[in-house]
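Peer 1: based on what follows, work out the 3D shape:
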Amino acid sequence: MNAACMPKHKSEVETPALVIDLDAMERNMALMNNLLSDSATKLRPHSKTHKTPQVGLAQVAAGAVGVTCAKAGEAEAMVDGGVKDVLIASELVGRSKNLRAARLARRADLKVACESAQNVRELSAAALEAGTTVGAVIEADIGNRRCGVRTPEQAVELARAIVAARGLVFRGIMAYEGHCVFIQEVDKRRVEAEKALGALMAMVEAIRAAGIPVDIVSAGGTGTFMIAGHYPGITDIQAGSYILMDSRYASMEGIPFEQSLTLLSTVMSRPLRDLAVLDYGLKSITREFGVPGPAPAIRKDGTLNSYGLDGIEVLGVSEEHTRFGLQNPSRDLKVGDKVDIVPTHCCTTMNTHDIVYVVRGEEVRDVWRITGRGKFV
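Peer 2: Have a look, this model is predicted:
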């Protein structure tokens, strides 16, 4: 956005619009670093959450070893934005996607997940065609019932195939205990996550017993960072949502991060005393984890925020409108008033916008393009 056109104050932002509170985002980064400071485990945060190179660069500057991406398109956005260490945590199928990744290896330390001999063959062929060397990591399924090898024997066989493949360098193994991250109680989550991580380490030990060094052992999400981040042998964790947060993770026990991402919306109608209509809807915010509503009046650290609302019931969300039922709200809502909405899922909500406004307090400091938006190919 042209600097002359950029709003100077949050109240001037046209809505619906995504807003990142820089102070809160930086506190989240510092808190994650502090919580991992007594561990050898590093952070390789998942950029599928923010999809924005400026955030990825800030994470690396704060100590992350690199970023994780979901797709080749996200990896291209991160590398184009200046990030130099990228792990693509999904298998790439077909010549075109593998070739795109191989070409990225000219500009970054690139690693790509593999689960089969076919993945290895296609990535190797692409590396040779591009004239590059690509890092390869094995993806292991440790209970999420998605992609990945299932047994130590399969892991060893695949590791040997990668070592033998021209144009590839075996870097390690990764997994995601995604079936554990939303277990509400931390103690129950820990039991299940440690079972999963134990299965991952059994594969690591088998590969090493076969004489193959394992550099990277990557796992973990925002719901299990406190477990994977201190589990012996895990080298880095891929937590993503912690940087922005959403109401789904905020409802979980043991997740200490604060909301840095909100959707700014405007009251567009007050047709009845107990009804307000706002200008956000399903085209600007997602609802797979529940109905998104206004930010609460109290932050996690106990301090009052300037935009909190209580006494609001979200009656319905359509494409362009959301209806608020007003039951003695903590402040009156008038046409033109701005309201901060908390996403129920930050990752998919970021994917509905091209830009995000960056603020300190109420001052707009910058506008960042979400260059990884829509890069699901």
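Peer 1: what is the neighbour count of the residue lying closest to T266 once chain neighbours are set aside?
Peer 2: Counting by CB to CB, 6 or more residues apart in numbering, T266 lies nearest to T15, which is 4.4 Å off, once chain neighbours are set aside. Bear in mind the C-beta positions are built from the backbone N, C-alpha and C, glycine included. Residues near T15, counting by other CB atoms under 10 Å, number 19.
Peer 1: ok, the one 4 residues further on next?
Peer 2: V19 has 21 neighbours, counted by other CB under 10 Å.
Peer 1: stretch 205-219 spans what distance, first to last residue?
Peer 2: 16 Å (CA to CA, to the nearest Å).
Peer 1: where does R248 fall, helix, sheet strand or coil?
Peer 2: Following DSSP: H, G, I helix; E, B strand; the rest coil, we place R248 in the helix state.
Peer 1: pLDDT wise, what is the residue lying closest to it once chain neighbours are set aside at?
Peer 2: Nearest non-adjacent residue to R248, counting by CB to CB, 6+ apart: F289, 4.0 Å away. Per-residue confidence at F289 stands at 93 (pLDDT).
Peer 1: one more: D246?
Peer 2: 96.
Peer 1: got the phi/psi numbers for the closest residue to it other than its chain neighbours?
Peer 2: In space, and not counting its chain neighbours, D246 is closest to C346: 4.2 Å by CB to CB, 6+ apart. The phi and psi values for C346, taken as degrees, to the nearest 10, are phi -70, psi -40.
Peer 1: ok, C346 to V358 distance?
Peer 2: Distance of C346 to V358, given as CB to CB, to the nearest Å: 15 Å.
Peer 1: what about the two, which has more around it?
Peer 2: Shown here are C346 and V358; by other CB under 10 Å, C346 has more neighbours (29 against 20).
Peer 1: next up, the contacts around that one.
Peer 2: Neighbour list for C346: T49, S241, L244, M245, D246, L261 [criterion: CB atoms under 8 Å, 6 or more residues apart in numbering].
Peer 1: in PyMOL, how would I select just the buried ones from the residues you listed?
Peer 2: To isolate the buried members of these in PyMOL, using 16 or more other CB atoms under 10 Å:
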select buried, resi 49+241+244+245+246+261
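Peer 1: in the helix or strand hosting M29, what counts as buried?
Peer 2: With elements taken from DSSP states H and E, the one containing M29 is helix 22-35. Buried residues in helix 22-35, defined by neighbour count with 16+ other CB under 10 Å: L22, A24, M25, N28, M29, M32, L35.
Peer 1: how about stretch 136-156?
Peer 2: 136-144, 147-149, 152, 154-156.
Peer 1: could you look up the SS state of L87?
Peer 2: Judged by three-state DSSP, the three-state class of L87 is strand.
Peer 1: how near is it to A77?
Peer 2: Applying CB to CB to L87 and A77 gives a distance of 14 Å.
Peer 1: more neighbours: which of these two?
Peer 2: Neighbour count, other CB under 10 Å: between L87 and A77, L87 has more, with 27 against 24.
Peer 1: quick one, what contacts the more buried one?
Peer 2: Taking CB under 8 Å, 6+ apart as the test, what L87 contacts is 44, 66-69, 110-113, 137, 174, 216, 218, 238.
Peer 1: so in terms of bridging, what pairs with it?
Peer 2: T68, K111 (DSSP bridges).
Peer 1: ok, it to G172 distance?
Peer 2: 10 Å.
Peer 1: what does M25 give?
Peer 2: M25 is 29 Å from G172, by CB to CB.
Peer 1: return the backbone torsion pair for the residue nearest to D23 when sequence neighbours are not counted.
Peer 2: Spatial nearest neighbour of D23, excluding adjacent residues (CB to CB, 6+ apart): R360 at 5.8 Å. The phi/psi pair for R360 (degrees, to the nearest 10) reads phi -120, psi 120.
Peer 1: what bridges to R360?
Peer 2: Bridge pairing for R360 (DSSP bridges) gives the partners E363.
Peer 1: closest to Y280 among the contacts of L87?
Peer 2: Nearest to Y280, judged by CB to CB, of the contacts of L87 is C69 at 27.8 Å.
Peer 1: for the closest residue to the closest one other than its chain neighbours, helix, strand, or coil?
Peer 2: Of all residues not flanking C69 in the chain, A75 sits nearest, at 4.3 Å (CB to CB, 6+ apart). Assigned with three-state DSSP, A75 falls in the helix class.
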